[in-house]
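>>> After the sequence you'll find the predicted model.
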Amino acid sequence: KAGVTQTPRYLIKTRGQQVTLSCSPISGHRSVSWYQQTPGQGLQFLFEYFSETQRNKGNFPGRFSGRQFSNSRSEMNVSTLELGDSALYLCASKVAGGPLTGELFFGEGSRLTVL
Amino acid sequence: LAKTTQPISMDSYEGQEVNITCSHNNIATNDYITWYQQFPSQGPRFIIQGYKTKVTNEVASLFIPADRKSSTLSLPRVSLSDTAVYYCLVVVGASGNTGKLIFGQGTTLQVKP
């Protein structure tokens, strides 16, 4: 069974630009969540999608948005990039249902550098 | 405000048992406490999950006291390949599927030969 796939793996943007990251969950997994990882703030939850609806959201500004498609694939978008948005963005999928912290399967992440 | 606290780093030697404790207040009453392992350049990987008392699987044990204000991950007989960062993950502030997921700061475990 293929794991969680994130694209692109690396990207460089400049301040003010926007970026879209993609995540393909494990087949059969209907919940997709996104996380930001930085050396200073650690792992922070961005949002979770299930059945094309945002079900849960962390404490990030509205510049961070996401969506989920009918095939469970998900994208996240960051608009008006700031230097502080430089981070590893991780996507995770899980089988719907069960505890909120149910076993998450993470991708390898998309490393964003903002110049 | 919910907060989780883990030691920043720990050292151990091969063959020893390692215990990593995460303190967490104000966690949701109906959700699990989960631990993840992360190697450099990889996403976190699930280790173990529990609600109360003790849970054991093939790689670790998890101890959760009745008040659920902390949890302790126990790694028996660690090897060099267990050198990694370990995170606790909890849900705070809500029930059902609307809580906020909070990771601990991570504990860097260094296993020495």
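Noted; the coordinates are in hand.
>>> Could you pull up the residues touching the residue nearest to B:Val55 when sequence neighbours are not counted?
Nearest-residue entry for B:Val55: B:Leu62, 4.7 Å, with adjacent residues in sequence omitted and distances by C-beta to C-beta, 6 or more residues apart in numbering or on different chains. In this view, the C-beta of every residue, glycine as well, is placed from N, C-alpha and C. Contact criterion C-beta atoms under 8 Å, 6 or more residues apart in numbering or on different chains gives B:33, B:35, B:48-50, B:54-56, B:71-74 as the residues in contact with B:Leu62.
>>> now, which of those sits nearest A:Gln36?
Compare each of the contacts of B:Leu62 with A:Gln36 using C-beta to C-beta and the shortest gap goes to B:Trp35, at 20.0 Å.
>>> and that closest one, how many neighbours does it have?
25 (other C-beta atoms under 10 Å in any protein chain shown).
>>> Pick out the residue in chain B sitting closest to chain A.
Residue of chain B nearest chain A, by C-beta to the nearest C-beta: B:Gly43 (2.9 Å).
>>> could you point out which element follows the strand of greatest length in chain B?
Longest strand in chain B, counting residues (DSSP state E): strand B:84-92. Next in sequence after strand B:84-92, counting helices and strands by DSSP states H and E, comes strand B:100-103.
>>> and the next element down the chain from that following strand?
Toward the C-terminus from strand B:100-103 - assigned by DSSP H and E - lies strand B:107-112.
>>> and the angle from that following strand to strand B:84-92?
What separates the directions of strand B:107-112 and strand B:84-92 is an angle of 160 degrees, with axes from the mean of the first three to the mean of the last three C-alpha atoms, to 10 degrees.
>>> how about strand B:107-112: buried residues?
With burial defined by 16 or more other C-beta atoms under 10 Å in any protein chain shown, the residues of strand B:107-112 counted as buried are B:107-109, B:111.
>>> and the residues you listed as CSV, adding distance to chain A?
CSV is the format used below for the buried residues of strand B:107-112 (distance: C-beta to the nearest C-beta, whole Å):
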residue, distance to chain A
B:Thr107, 11
B:Thr108, 12
B:Leu109, 16
B:Val111, 22
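>>> closest to B:Ala28 among the residues you listed?
Out of these, the one with the shortest distance to B:Ala28 is B:Thr107. That distance is 22.4 Å, counting by C-beta to C-beta.
>>> outside of the helix or strand of chain A with the lowest mean pLDDT, which residues touch it?
Within chain A, confidence by mean pLDDT, DSSP states H and E is lowest for strand A:53-57 among all helices and strands, at a mean of 87. Contacting residues not belonging to strand A:53-57 are listed as A:31, A:33, A:45-49, A:66, A:68, A:100, B:97-101 [C-beta under 8 Å, 6+ apart].
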